[in-house]
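K.L.:
Quick one, what's the 3D model for this:
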Amino acid sequence: MPLLTPSSVHLDQPLSNLTLAYAQTQDLFIADKVFPTVGVARQSDKYYIYDRATMNRTGDVKELAPRTEVNRIGMKISNDAYFTKVFGLGMDFDEQTIANEDEVLDIRQAGAETLMMRLLIDREERFASTFFANGVWSSGASGAASGAGTPVFWNDYTNSTPIANVTLAARQMQLKSGGYKPNTMIIGKEVRDILINHPDILSRLNGGSTINNPALIVDAKLAEIFGVENLYIMESVKNTAVEGIAVDEVNAFIGGKNALLAYTPKSTGLMTPAAGMTFAWNNIPSVNNLGITVESFSDDALKRQQVAEHIQVKMSYDMKVVGPDLGYFFNAIVQ
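P.N.:
This is a model prediction of the structure:
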């Protein structure tokens, strides 16, 4: 006698209240936090730079006797330029796919969000590859094995001294920059995971700690130990696999094994120093709160290619070091 089974009385259908996606949260991206955004009306222009040496020089102020004149000094101003490049990515949707789309899906919205995520990942990678690098900042050091130089790789828990290294770097930066202490530290995810178990760090906690009996190290405490207001962890992930090959996903943290000390102002403005700025061209149409323009096209030329709708996203910016003395770079500080 034939029996009914659960599978014979139900045909699987997509859930109407659930879809899955793997978009990274926006707070993982730190490029525009380290290099604050300055909105500009033109794609290219110049900005002024006041001479720091003139502001900090001593010896010209004198005590004034009656009917004597003050010493007169001069002032120097230079300039530099920015150019905002336009970055973009697009996606096509054909008529048959759109017509056959399940109600639970909104592939055009999902496509737009995917494109925006790819732009943010691209900007983060550009930030890391360009500014997490030797030769960009006025000061820096590379990790070394014990006995081969300083600083010693921070994953050498016996011989390395990360707190002393950062303290020395901050002092050197403060002198070179004319008095600006680093208020921001940016570290790769791998560096952060090494530091939270480092004896040098654990010993600074109230009551002390050991690797076998660790205290809870939160990022705020790590920032306090290193004497900075802001601690940013570069833990966004990029997929370096080429589409279409056998291995579809090869993930890596964007920040690598490096660290950067920098001065980041709370807000930008006239005579406000900063390690870097992001000049964002805000005169392109329909820029959203992420600085991204989302556009949708549908015309006869696309339809002749069987494309019902084309969605593209664009960003226009120039991430630029404006104060090379306001950064100290630790290259490959962990192995």
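
K.L.:
For the rest of this, base every contact and every neighbour count on C-alpha atoms.
P.N.:
Will do.

K.L.:
For Tyr328, give its distance to Glu63.
P.N.:
Using C-alpha to C-alpha, to the nearest Å, Tyr328 is found at 39 Å from Glu63.

K.L.:
Look at these two and report which has more neighbours.
P.N.:
With neighbours defined as other C-alpha atoms under 10 Å, Tyr328 and Glu63 compare such that Tyr328 has more, 27 against 7.

K.L.:
Just confirm that one is within a strand.
P.N.:
Yes - looking at Tyr328 with DSSP: H, G, I helix; E, B strand; the rest coil, it is inside a strand.

K.L.:
just checking, it touches Leu260?
P.N.:
Yes - using C-alpha atoms under 8 Å as the test, Tyr328 is close enough to Leu260 to be in contact (5.7 Å).

K.L.:
Just checking, which helix or strand succeeds the lowest-mean-pLDDT helix or strand in the chain along the chain?
P.N.:
None of the helices or strands of the chain scores lower by mean pLDDT, DSSP states H and E than helix 300-304, at a mean of 71. Next along the chain after helix 300-304, taking DSSP states H and E as the criterion, comes strand 309-321.

K.L.:
ok, back up a step: what sits up against the least confident helix or strand of the chain?
P.N.:
Residues from elsewhere that reach helix 300-304 (C-alpha atoms under 8 Å, 6 or more residues apart in numbering): Ala308, Glu309, His310.

K.L.:
where exactly do the helices run in the stretch 151-300 of the chain?
P.N.:
162-176, 189-195, 199-202, 219-226, 300-304 (DSSP state H, counting those that start in this stretch).

K.L.:
TSV please, covering those helices and showing distance to Ser286 and mean neighbour count.
P.N.:
Listed next are the helices of the stretch 151-300 of the chain as TSV, based on distance: least, C-alpha to C-alpha, whole Å; neighbours: other C-alpha atoms under 10 Å:
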stretch	distance to Ser286	mean neighbour count
helix 162-176	40	18
helix 189-195	34	19
helix 199-202	47	21
helix 219-226	36	16
helix 300-304	22	11
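
K.L.:
For Ile107, find the nearest of those.
P.N.:
helix 300-304 (18.2 Å; C-alpha to C-alpha).
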